[in-house]
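Asks: Provide a 3D model corresponding to the input given below.
(2 chains)
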Amino acid sequence: MTVDQGMSRRMVLGALGGAAAGTALSGFLPLSRALAAKKLVVGFIYVGPRDDFGYNQAHAEAAAMLRSMSGVKVVEEEKVPETLDVQKTMESMINLDGAELVFPTSFGYFDPHMLKVAAKYPDVEFRHCGGMFKAGTHPANTGSYFGYIDEGQYLNGIAAGHATKSKKLGFVAAKPIPQVLRNINAFTLGARSVDPSITTQVIFTGDWSMPIKEAEATNGLVNAGVDVVTCHVDSPKVVVETAERRGAFTCGYHANQAPLAPKGYLTGAEWNWITVYKDFVTKAQAGEKPGQFVRGGLKEGFIKTSAYGPAVSPESKAAGEAVKAKMMAGDFSIFSGPISTNTGKEIVAAGKTYGQTDLWLEGMDWLVEGVVGSTS
Amino acid sequence: MVDETAPLPTRPLAPAGSPLAGLSLDALRGTAEAVLIPVGALVATAVVFGIFVALAGADPLETYELMYRGAFGTWFSWQNTLQRTAPLLLTALCVALPAQLGLVIIGGEGALVIGGMCSAAAGMAMMGAPPWLLLGVMALAGMAAGGAWIALAGALRQFRGVNETISSLLLAYIAIALMNHMVEGPLRDPASLNKPSTPPLGEANMIGSIPGLDVHWGLVFGLVACVASYVLMRRTTFGFGARMVGGNVRAARMAGLSVAKLGMITCFLAGAAAGLAGMVEVAAVHGSANGSLVAGYGYTGILIAFIARQNPLAVIPVALMFGGIAASGGLLQRRLDLPDATILVLQGIAFVMILASDTLYGRFRVFQPRG
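Replies: The predicted model follows:
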């Protein structure tokens, strides 16, 4: 029964001569808070590895930039599952590191995990990436932020539309949920703005990180005549590398994958989280409350596009830049009618326009005309 | 008393010694061997891991101090450790119980997931019932589903001769796919937009914390299950029969034991333990079934059961150690900038050391019976 305790004690006693017990007590809240009073401790939690060329890397790159801000201490933890583990990680950051601002970055961390921990630590501010914060319903010390990355996917679509010869595009997607469907639709609408005969074949892998299925899906798409591939999975690495090997073009997602596909990389939809994090941290340092429902796109600097690759033609660049300029000016809407679904139903009537902030878009459960695939 | 009848070396999967055995000097020697050899292996683990950490550029002493602090150094750390221990107790039993019969079942992850999903479905069906009844039915559904899942691997082995290690592992993938299909389709709560889940149970229907602790009741379920498994395997005729099958199947058949029946029941109990862990994840942690059920607890359970040498009682301290390692892993990442995989390396080294130390039993004269 005592094997384990004996073991851990043995290790420590052997190593430290019993000093550990004394230092260990300093882990209690007030003391570590006092020690950390000089610097604002900011905690980042990632669901996958920090260097995944994707979702987690996009956050970690911003976290790395925060480190250079004065008066900020960044603590990070990667590969934290969406279970009690993440609750304990948040509490550990608060209790042992004195974190005062916590960013749990994975969608599944929001409910119930972050909400539960936030209710327990009202003095700590929590901001979640992707969640739907509702004032009054959720604890007052929580909030959420997200970016309209479908703008980047629309621009991806324009580049893909110019590059394709077969008029067949491929999209490797994780799950048929609103955020993903919105990207598939934006990508397809972008491509069809170039040539309305273009179609996008979509393949759902079923989960956020399925490297083998992602490779199979990419190969399957290329075999079927697809010559431009993009994706929405946690790490686009496998999709981009596989497509490059098969000689297909790729559009990136989450972070910059140009180094993985020097020949075929056209452009990419990237997060630019530093804008959000810098704003939150500056407010927290000034003693103000960081924003609680924060959204933005290209114009607000929440997202950015990768530099154009060597395969992109001048007219493609010009077309993409023209739309990008309109987006930056705030007078471009991706979802403006008439738009039909791929089941033949008119979903957005002619003359009707849904702006980026419209909550109707966040419940998307349809695919636009031109997408080959279904939501279920 | 039955423990002493079969000599250890002929039962490689037999649990290590019995702390409750008679007080004779020889029995004490046996117990000392069963305790000191694993402890020695863990000390060796600490040395090798220390070298690894040093190569990774961190100070081994500081690492161990942080690990102690993150796992057991504060009251918060203790609760963190205990909380992480809870599901591991049950998933380790999913391996340790069939091991008594010589079956190597590694598909506990599947039983946990399917148990979680079925308990959530039962919860949906019972919505509106008083919480104790709702939770009771959920627990039964979870255990029945998990039990049936592992019993399936047991049946394939007993009646079709399919290797249970492979089949249980493959069944785990089927379980995960089935769960994903159900929570994204028939069982989906339409309000769960970007994270497909079953409808929430509601705060009133959740399993709370143990009074005075920030640890849910799953810990108590796990401890009770470990002790009950020990009693079942060491103090009952059923357990004696099961271990006899594990020692020598042909001898067991000759003695008139129903090998198939013992195997099926044990596999069912093993799966029920993991299924209960799934139910606890749903009813104490997530409040619904969704993809987060797939957290690897089933696989960590395999390591724990083997390090505990398949002894249900030894599962408790080993699971506590793994809970502690997991609890301290974050601190290592945050303070020393070590990658997440550091903890996996430690677990791997411990696993290899313990398995290697198996060959040391009977090698030291000091532990052998005199006369």
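
Asks: Pull the number of nearby residues for whichever residue of chain B sits closest to chain A.
Replies: Here the residue of chain B nearest chain A is residue B:73; by Cβ to the nearest Cβ that distance is 3.0 Å. Where you see a C-beta, it was placed from the backbone N, CA and C, and this is true even at glycine. Other residues near residue B:73 come to 25 when the count uses other Cβ atoms under 10 Å in any protein chain shown.

Asks: same deal with residue A:104?
Replies: Neighbour tally, residue A:104, other Cβ under 10 Å: 30.

Asks: Check residue A:355 too.
Replies: Residue A:355 has 13 nearby residues by other Cβ under 10 Å.

Asks: Now do the contacts for the nearest residue to it once chain neighbours are set aside.
Replies: Closest residue to residue A:355 apart from its sequence neighbours, by Cβ to Cβ, 6 or more residues apart in numbering or on different chains: residue A:333 at 5.9 Å. Shown in contact with residue A:333 (Cβ atoms under 8 Å, 6 or more residues apart in numbering or on different chains): A:353, A:354, A:355, A:356.

Asks: cool, residue A:281 as well?
Replies: A:40, A:42, A:66, A:69, A:72, A:101.

Asks: Only alpha carbons, please: show stretch B:296-303 as CSV.
Replies: The C-alpha trace of stretch B:296-303 is given here as CSV (Å, rounded to 0.1, in the frame of the first residue of the first chain):
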residue,chain,number,x,y,z
GLY,B,296,-6.5,7.7,-22.9
TYR,B,297,-7.4,6.6,-19.4
GLY,B,298,-8.0,3.1,-20.8
TYR,B,299,-4.4,2.9,-22.1
THR,B,300,-2.8,4.3,-19.0
GLY,B,301,-4.7,1.6,-17.1
ILE,B,302,-2.7,-1.0,-19.0
LEU,B,303,0.6,0.4,-17.7
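
Asks: which one of the contacts of residue A:281 sits closest to residue A:201?
Replies: Distances from residue A:201 to those, taken as Cβ to Cβ, are shortest for residue A:66 (39.5 Å).

Asks: show me what contacts the residue of the stretch 251-376 of chain A found nearest chain B?
Replies: Nearest residue of the stretch 251-376 of chain A to chain B: residue A:363, at 6.0 Å (Cβ to the nearest Cβ). Counting by Cβ under 8 Å, 6+ apart, residue A:363 touches A:178, B:193.

Asks: ranges for the helices of the chain?
Replies: Assuming you mean chain A. Using DSSP state H, the helices of chain A run over A:3-16, A:19-24, A:29-35, A:55-66, A:84-97, A:115-120, A:150-163, A:178-194, A:211-223, A:237-245, A:274-285, A:314-329.

Asks: look at chain B instead
Replies: Going by DSSP H, chain B shows helices at B:25-55, B:60-68, B:75-99, B:108-125, B:131-160, B:164-184, B:218-235, B:237-247, B:249-254, B:259-280, B:297-307, B:315-336, B:341-357.

Asks: In CSV: these, plus distance to residue A:136.
Replies: Putting those into CSV (distance: least, Cβ to Cβ, whole Å) gives the following:
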stretch, distance to residue A:136
helix B:25-55, 48
helix B:60-68, 40
helix B:75-99, 30
helix B:108-125, 27
helix B:131-160, 26
helix B:164-184, 28
helix B:218-235, 32
helix B:237-247, 56
helix B:249-254, 65
helix B:259-280, 31
helix B:297-307, 36
helix B:315-336, 32
helix B:341-357, 40
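
Asks: so which of those helices is the most packed in?
Replies: helix B:108-125 (a mean of 30; mean count of other Cβ atoms under 10 Å in any protein chain shown).

Asks: residues touching residue 217, list them.
Replies: Just going to use chain A. Per Cβ under 8 Å, 6+ apart, neighbours of residue A:217: A:170, A:172, A:203, A:205, A:239.

Asks: hm, I was asking about chain B
Replies: B:207, B:208, B:209, B:210, B:280, B:284 are the contacts of residue B:217 under Cβ under 8 Å, 6+ apart.

Asks: From residue B:71, how far off is the residue nearest to the fifth one when sequence neighbours are not counted?
Replies: Nearest residue to residue B:280 in three dimensions, chain neighbours excluded: residue B:218, at 3.7 Å (Cβ to Cβ, 6+ apart). Relative to residue B:71, residue B:218 is positioned 19 Å away (criterion: Cβ to Cβ, to the nearest Å).

Asks: Pick out the least confidently modelled helix or strand of chain A, by mean pLDDT.
Replies: helix A:19-24 (a mean of 38; mean pLDDT, DSSP states H and E).

Asks: what residues are up against the residue positioned nearest the centre of chain B?
Replies: Nearest to the mean C-alpha position of chain B, counting by Cα atoms, centre = their mean, stands residue B:92 at 1.4 Å. Residues near residue B:92 by Cβ under 8 Å, 6+ apart: B:301, B:302, B:304, B:305, B:308, B:315, B:318, B:319.

Asks: so what pLDDT did the one residue sitting closest to the centre of chain A get?
Replies: Nearest to the mean C-alpha position of chain A, counting by Cα atoms, centre = their mean, stands residue A:55 at 4.5 Å. At residue A:55, the model reports a pLDDT of 95.

Asks: coming back round to it: looking at pLDDT only, which of the contacts of residue A:217 scores worst?
Replies: Within the contacts of residue A:217, pLDDT is lowest for residue A:205, at 92.

Asks: Distance of the residue nearest to it when sequence neighbours are not counted relative to residue A:220?
Replies: Spatial nearest neighbour of residue A:205, excluding adjacent residues (Cβ to Cβ, 6+ apart): residue A:213 at 4.2 Å. Using Cβ to Cβ, residue A:213 is found at 10 Å from residue A:220.

Asks: Please say which of these two ends up with more neighbours.
Replies: residue A:213 (19 against 15).

Asks: just checking, that one touches residue A:206?
Replies: Yes: assessed by Cβ atoms under 8 Å, residue A:213 is found in contact with residue A:206 at 7.1 Å.

Asks: re earlier: most neighbours among the contacts of residue B:217, which one?
Replies: Tallying neighbours with other Cβ under 10 Å puts residue B:280 at the head of the contacts of residue B:217, with 27 neighbours.

Asks: do you know how far residue A:151 is from residue B:129?
Replies: For residue A:151, the distance to residue B:129 - Cβ to Cβ - is 48 Å.
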